[in-house]
Structures are given as C-alpha cells and as structure tokens.
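Colleague: Coordinates for the following, if possible.
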Amino acid sequence: VHLVESGGGLVRSGGSLTLSCAASGFTFSSDYAVSWYRQRPEHGRELVAAITGAGGTTNYADSVTGRFTISKDKNKAYLQMNSLNTEDTAMYYCNAISYSHIEDDYWGQGTQVTVSS
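Modeller: Residues are numbered from 1 along each chain as shown. The predicted structure follows:
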C-alpha cells in the first residue's frame, strides 16, 4: 500500500503543472481524505490543499488560493497548479488518510517542482 506522485519538473514563472498521485493497494474511496503538502528549503512541511473523501469540500493555503485546484477520482488525486511563481518551488507530497481507520495514513515519496524566474 503506497502512494506515487508524478508530474513535477522545471517550469518558468507564470507556467502551469499538474501533479498526480496514484494509489497502489487501495483506492481513493469516500473513506479517504487526500491532501497535498509541500516542503520548501528552510521551511517546514506545509499543507497546500485538501479534499474530503466525497470530494465535496476543498481547502487551500492562502498562498495558493485561486491558483491551485485539488481533485480526485477513484484511483488518482491531482493538483493543478497555475500561475506558478518561484515561491512555489518545493518538494510536493501526497497524503491519504482514512476516516474509519486513522492508522491508515499514507504518504508518497514526493515530486520536485522548480519554478524559475
């Protein structure tokens, strides 16, 4: 059981990227809330976006509101990132946590996003 992120890379400021998070060994059913976190150099890990199990509610960090969109289907979660700037440069991680089994808390290995000026 694990998560695998993909879609990171190098992009110029103002550009866009879409990150994907694939579930292996389980599915993104309504029992799982999914979040994207990032870790920037000299910063702690911060929550970027989150979506509830049923997908009806999303939340975003103030710094990405209006630019990033989180979504998920049965097998993958996504983070659409638009209008990227250099402050978005970070390692991005996907997290899935079960409502019914709190110990089922999964993390991916991360995908690097680098935004050049």
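Colleague: Now do the residue positioned nearest the centre of the chain against residue 117, distance only.
Modeller: Of all residues in the chain, the one closest to the mean position by CA atoms, centre = their mean is residue 36, 2.6 Å from it. If you measure residue 36 against residue 117 using CB to CB, to the nearest Å, the figure is 23 Å. The C-beta positions use only the backbone N, C-alpha and C, and glycine is treated the same way.
Colleague: Give me the pLDDT for the nearest residue to residue 105 once chain neighbours are set aside.
Modeller: Spatial nearest neighbour of residue 105, chain neighbours left out: residue 97 (4.7 Å); criterion: CB to CB, 6 or more residues apart in numbering. Residue 97 is assigned a pLDDT of 95 by the prediction.
Colleague: hey, what's residue 97 bridged with?
Modeller: Per DSSP bridges, the residues bridged to residue 97 are residue 33, residue 105.
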